[in-house]
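Student: dropping a prediction and its sequence here:
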Amino acid sequence: MWVRGLIGVVLCAVGTVWVLQGTKVITGSSMSGEGRWGVIGAIVLAVGLGFLAWAVQYWRRGSTNSG
């Protein structure tokens, strides 16, 4: 299901940005340097990777269903 892959990519992107902001790699926002955003970002990134793994598993089974 392509939706799983799309959700995974979006969550990974958002999680990565939050981790970088929380660890002061990306500056210029109120989230910069706030450690909790690094932790939240890591969790969101892990969930995104889970969605991507779920999508890859689905695609490897050779399913032709879309949606």
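Tutor: Nice, I can see it.

Student: spatially central residue for this protein, please.
Tutor: Nearest residue to the geometric centre of the chain (Cα atoms, centre = their mean): residue 12, 1.9 Å.

Student: isn't it up against residue 49?
Tutor: Yes - at 6.4 Å, residue 12 and residue 49 qualify as touching, with contact defined as Cβ atoms under 8 Å. Any C-beta I mention is one placed from the backbone N, CA and C, and that applies to glycine too.

Student: against which helices or strands is the helix or strand containing residue 50 packed?
Tutor: Assessed by DSSP states H and E, residue 50 sits inside helix 35-60. Packing partners of helix 35-60 (3 or more Cβ pairs under 8 Å, 6 or more residues apart in numbering; DSSP states H and E): helix 2-22.

Student: which residue is the nearest non-sequential neighbour of the residue nearest to the centre of the chain?
Tutor: In this structure, residue 12 finds its nearest non-sequential neighbour in residue 48, 3.7 Å apart by Cβ to Cβ, 6 or more residues apart in numbering.
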